[in-house]
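Asks: predicted coordinates and the sequence they were generated for:
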Amino acid sequence: MASHAAPVDLANGNGIALGSSSPKKVAYFYDSDIGNFAYVAGHPMKPHRIRLAHSLIMNYGVYKKMEIYRAKPATRLEMTQFHTDEYIDFLQKVSPENMDNFQREQTKFNVGDDCPVFDGLFEFCGISAGGSMEGAARLNRQKCDMAVNWAGGLHHAKKSEASGFCYVNDIVLGILELLRFNKRVLYIDIDVHHGDGVEEAFYTTDRVMTVSFHKYGEYFPGTGELRDVGIGTGKYYAVNFPLRDGIDDSSYKSVFEPVISSVMEFYNPDAVVLQCGGDSLSGDRLGCFNLSMEGHANCVKFVKSFNRPTLVVGGGGYTMRNVARTWAFETGLLVDAHMDRTLPFNEYYEYYGPDYELDMQDVPRHSMGAMTDEDDAELDDLDEDENKDVRMTQRQWEQRIERDDEYDVSDNEELEKANGVHRNGSSRRTFQDYRNSDVEVDSGAVTPANGTADNVIKSKETDEVMKDAEESVQDAAAENGDPIPDSEAGENKPDEKAKATDAEEEEDAPTETREASKLAKDEEKGEKIKELTQNAIEKPEKGQASKEDEVMEDADSQQPEKEAEKKRSVEPEPVESRQEPSIDNDGDVDMDATPTDQEQSDSKAIKTEEPSEAPSSAETTEKAKDTTGSN
């Protein structure tokens, strides 16, 4: 037998069948009810895609070159040629209304998540299987050369188990029909998933050879290894070609054509079944291959070139607009129909925007739960039908949300408010941007009159200045991703006793002096906040002293002297013990004069209670001036 490994020219069609003078007779099976079924809201499998493809086929005029049939749905007896009676009885009885009564059966037959129970489940399976079985029957009677059933191709269904969105395996039923008149049947699968259901059904026989090109490795269904070749009589009659992500047209062609040519030469089948799953297309929601519409259709054209009775079925495919384009294009390819690249107007014309061309659009991949535009429209209609008496449904409210990073506990209260429910209390938290706020918030705490250290340090001015400084340093470090050293945190803490002494001095001073001092401190406080924030943003190196550190050091150096003055003001000295300061020859106060006994005892007490550094010469001079003024 001649080899057909030479590439097939998509534009000119240099295959045997395309080059022959007599066109192929094609039987096309379609049931208008197929688009009325829907798995569940949000499920990626959309039977509606078959209706989209049929609409393109009709509006392109492809139907004029083939025979269109509405197949009789498969009966329970026909389904049980492969599936068990118990499993088919369950599919016939279960419905969304009574599914709670079939909990045990759902677990047993793997019906639930990927394969949900929906309205018209058994009728949907009957339409899918009926088209494939009727197409095989017409091929057997030589009523056609090729039969097409895009509603078929559900290759994951097992003998007594649903799997991978598939309930009844129409492919196995169609092959069983072909085996009634043919010795050998070749099954070819170009779906991105392994055709495990068909391979398992014929794994032990040599009358059916299965060839599958699929993604393998951490991918559903996890079967289809290169070494899976069949067992018993069927050994070496199962061919698996595992592939990796992202395979493109040229790479796929370099694999597909040589393999199929060798299989045709070795096996010489009497009939062929080709599964054209559209999830191997680029941009499919669940697929991971990178095939274009032409690359996918090249497989159909190459198989057609062998002039064998061929049954073409659908399969996966979860980006509806691309699947519809591809299947319509491949239907035209089978009947040698020219299809213009600009799409004709049809009832689903808006699905193909914004270019409205036959060539596929590169659709970004989403997770299984992500919605496309048409999916959102379907869910909106379903939401309105199920919630007619609700002022604003949960779905409508979620569509109005623009941001999900608000500082709210939840948005339930907003939804309740939109529906007219009002609550007395509010769980909303207030948020204040301290960086951009110039307004001082009064803490409400009254400044104590006695000026004791324990109360003064809790005053508004001290808390706010130092808190803002610490938060500025911490925020700057957090934004840069650096930890805050303990030394910096310790250096930013205020000296409590220094603040207490300053407050006491302000109380003893005259009113004018206190007001002037307060204004000066307010200005100084504003300058401190500005400087500390700037220093925190610039992030000085470790060991570099900030202005806050200098202020704290000055307060520490002045602390012993101010403590001494405090004690002299609180405990008055006896008059008889006071001694006039000695006057030197120039009339000035003698700085070396010996202090009185009381002053010596006060000095000793201060040194015992608060050891510190010796006062500077400037501070000693100022102390002498104060003493002279009091005398």
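Replies: Alright, I've got the coordinates.
Asks: pLDDT below threshold where in the stretch 51-200 of the chain?
Replies: Residue ranges of the stretch 51-200 of the chain with pLDDT under 70: none are present.
Asks: what does stretch 103-111 rub up against?
Replies: 87, 90, 94, 99, 112, 117, 160-163, 167 (CB atoms under 8 Å, 6 or more residues apart in numbering). Backbone N, C-alpha and C define where each C-beta goes, glycine included.
Asks: which one of those is nearest to residue 266?
Replies: Closest approach between the contacts of stretch 103-111 and residue 266, by CB to CB: residue 163, at 30.0 Å.
Asks: look up phi and psi at that closest one.
Replies: With angles defined as degrees, to the nearest 10, residue 163 sits at phi -160, psi 140.
Asks: how about the nearest residue to it, chain neighbours excluded?
Replies: Excluding the flanking residues, the one nearest residue 163 by CB to CB, 6 or more residues apart in numbering is residue 156, at 4.2 Å.
Asks: which SS class is the one you found?
Replies: Taking DSSP: H, G, I helix; E, B strand; the rest coil as the rule, one finds residue 156 in the coil state.
Asks: next, count neighbours for it.
Replies: Counted with other CB atoms under 10 Å, the neighbours of residue 156 add up to 27.
Asks: likewise residue 235?
Replies: 12.
Asks: please renumber the chain so that the first residue is 56 from this point on.
Replies: Will do, 56 is the new start, and the previous item becomes residue 290.
Asks: quick one, what contacts it?
Replies: Taking CB under 8 Å, 6+ apart as the contact definition, residue 290 lies against residue 284.
Asks: cool, the one 10 residues further on as well?
Replies: Counting by CB under 8 Å, 6+ apart, residue 300 makes contact with 270, 343-344.
Asks: which outside residues touch the strand or helix carrying residue 108?
Replies: Using DSSP states H and E, residue 108 maps to helix 103-114. Surrounding helix 103-114, the residues in contact under the criterion CB under 8 Å, 6+ apart are 83, 85, 87, 89-90, 93, 118, 205-206, 333, 369, 372, 375-376, 378-380, 382-383, 386-387, 398-403, 406.
Asks: need phi/psi at residue 205.
Replies: According to degrees, to the nearest 10, residue 205 has phi -70, psi -10.
Asks: surely it and residue 368 touch.
Replies: Yes: Residue 205 is within contact range of residue 368, at 7.3 Å (criterion: CB atoms under 8 Å).
Asks: of those two, which one has the most company?
Replies: Between residue 205 and residue 368, counted using other CB under 10 Å, the more crowded position is residue 205 (30 against 27).
Asks: in contact with the more buried one, which residues?
Replies: 85, 105, 108-109, 368-369, 382.
Asks: rerun at 7 Å
Replies: 105, 108, 369, 382 (CB atoms under 7 Å, 6 or more residues apart in numbering).
Asks: give me the neighbour count for the second one.
Replies: Right, residue 108. As a burial measure, residue 108 scores 27 neighbours (other CB under 10 Å).
Asks: distance of it from residue 126?
Replies: Separation of residue 108 from residue 126 (CB to CB, to the nearest Å) stands at 16 Å.
Asks: for residue 381, what is the enclosing helix or strand?
Replies: helix 375-389.
Asks: residues contacting that helix, please?
Replies: Around helix 375-389, the neighbours that count as contacts under CB under 7 Å, 6+ apart are 79, 81, 101, 103-104, 107-108, 111-112, 115, 117, 201, 203, 205, 331, 333, 336, 338, 348, 351-352, 355-356, 359, 369, 372, 394, 406-407, 413, 415-416, 418, 429.
Asks: that helix to helix 103-114, inter-axis angle?
Replies: Helix 375-389 and helix 103-114 are oriented at 40 degrees to each other (axes from the mean of the first three to the mean of the last three CA atoms, to 10 degrees).
Asks: returning to what we had before: which among the contacts of residue 300 count as buried?
Replies: 270, 343-344 (16 or more other CB atoms under 10 Å).
Asks: pull the longest strand from the protein.
Replies: strand 263-270 (DSSP state E).
Asks: give the next helix or strand downstream of the helix holding residue 108.
Replies: With elements assigned by DSSP H and E, the helix or strand that comes after helix 103-114 is strand 122-124.
Asks: so for residue 178, what's the nearest residue that isn't a sequence neighbour?
Replies: That would be residue 128: by CB to CB, 6+ apart, it lies 6.8 Å from residue 178.
Asks: surely the one you found and residue 181 touch.
Replies: Yes: judged on CB atoms under 7 Å, residue 128 makes contact with residue 181 at a distance of 3.3 Å.
Asks: which of those two has more neighbours?
Replies: residue 181 (24 against 20).
Asks: quick check: the gap between that one and residue 189.
Replies: From residue 181 to residue 189 the distance is 12 Å (CB to CB).
Asks: what's the longest strand of the chain packed up against?
Replies: Other helices and strands packing on strand 263-270, by 3 or more CB pairs under 7 Å, 6 or more residues apart in numbering; DSSP states H and E, are strand 240-244, helix 251-256, strand 293-298, helix 304-322.
Asks: so which of these is the most surrounded?
Replies: Highest mean neighbour count among those (mean count of other CB atoms under 10 Å): strand 240-244, with a mean of 27.
Asks: on that earlier part again, could I get the buried ones among the contacts of residue 300 as a markdown table with distance to residue 290 and pLDDT?
Replies: Below are the buried ones among the contacts of residue 300 laid out as a markdown table (distance: CB to CB, whole Å; pLDDT from 0 to 100):
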| residue | distance to residue 290 | pLDDT |
| --- | --- | --- |
| 270 | 25 | 96 |
| 343 | 31 | 95 |
| 344 | 29 | 96 |
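Asks: now, which of the residues you listed sits nearest residue 137?
Replies: Using CB to CB, the buried ones among the contacts of residue 300 come closest to residue 137 at residue 270, 26.0 Å.
Asks: hang on, that closest one packs against residue 247?
Replies: Yes: the pair residue 270 / residue 247 is scored as a contact, 5.2 Å apart, by CB under 7 Å.
Asks: and for those two, which residues touch both?
Replies: 343-344.
Asks: so what touches stretch 224-237?
Replies: Stretch 224-237 has contacts (CB under 7 Å, 6+ apart) with 129, 133, 136-137, 183-184, 187-188, 190-192, 194-195, 207-210, 212, 240, 242, 252-253, 256, 262-263, 325-326, 328, 330, 366, 368.
Asks: buried ones in that stretch, by neighbour count?
Replies: In stretch 224-237, counting by 16+ other CB under 10 Å, buried: 224-234, 237.
Asks: before we move on, the earlier item: quick one: closest of the helices and strands packed on strand 263-270 to residue 287.
Replies: Using CB to CB, these put strand 293-298 closest to residue 287, at 11.3 Å.
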